[in-house]
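**Student:** Got a predicted structure here, sequence first:
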Amino acid sequence: MTSNQPYGVKALPELYKEWSATGMVANIGTKIVEVGFGKLVLEGNLTAAAHGFPTSRGPIVHGGAIATLADEALASVAFTVAEEGETTVTADLKIDFLRPATPGRLVARAGVRHRTRRLAFCEATVEHSNGEIVAEARAVIAYVKA
């Protein structure tokens, strides 16, 4: 990484090293795949045992786990355009579940559509590893002092 990268783009990978050991990031096995200014790809490892429930057609991933992955991607992509001294919190989250997700690797692709001084308007998809979209999400992310 070069030193002329925006603060959020530089800081996010280092923060993920810390976050990946505990809490929700550790629970869903979130890892950064790609990070850029206003763009982010995360992956999560959602298992039947930890994140699923049984159905007559086999286990599927709980919607709350999918929403968690989407929310993490949305707040994190907003962080890529943050200034030093700011952190992000979700102010509003909307998610549309398009189809059931099977346990395994899920990918969240997120982008910032617009940023104001205090808010970022972001969108994301959550996909199976084969690219099939299982959910679409939108969020308003607020910037607060770190």
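**Tutor:** Nice, thanks for sending it over. Small disclaimer: the values here were computed from a predicted structure and weren't measured. Residues are numbered from 1 along each chain as shown.
**Student:** the bottom helix or strand of the protein by mean pLDDT?
**Tutor:** When the helices and strands of the chain are scored by mean pLDDT, DSSP states H and E, helix 23-27 comes last with a mean of 90.
**Student:** Tell me the buried residues in it?
**Tutor:** Neighbour-count burial for helix 23-27, counted by 16 or more other CB atoms under 10 Å, picks out residue 25. Just so you know, the C-beta spots here come from the backbone N, C-alpha and C atoms, and that holds for glycine as well.
**Student:** So that it lines up with my notes, have the first residue be 49 from now on.
**Tutor:** Sure, I'll start counting at 49 from here, so that last one is helix 71-75.
**Student:** What's the first helix or strand after that helix?
**Tutor:** Proceeding C-terminally, helix 71-75 gives way to strand 79-84 as the next helix or strand, assigned by DSSP states H and E.
**Student:** any idea how far that following strand is from the chain center?
**Tutor:** On the basis of CA atoms, centre = their mean, to the nearest Å, strand 79-84 is displaced by 10 Å from the centre of the chain it belongs to.
**Student:** How about whichever helix or strand comes after that strand, which residues are buried there?
**Tutor:** Next helix or strand after strand 79-84 toward the C-terminus (DSSP H and E): strand 87-94. Burial within strand 87-94, assessed by neighbour count using 16+ other CB under 10 Å, is assigned to 88-92, 94.
**Student:** Cool, thanks, signing off.
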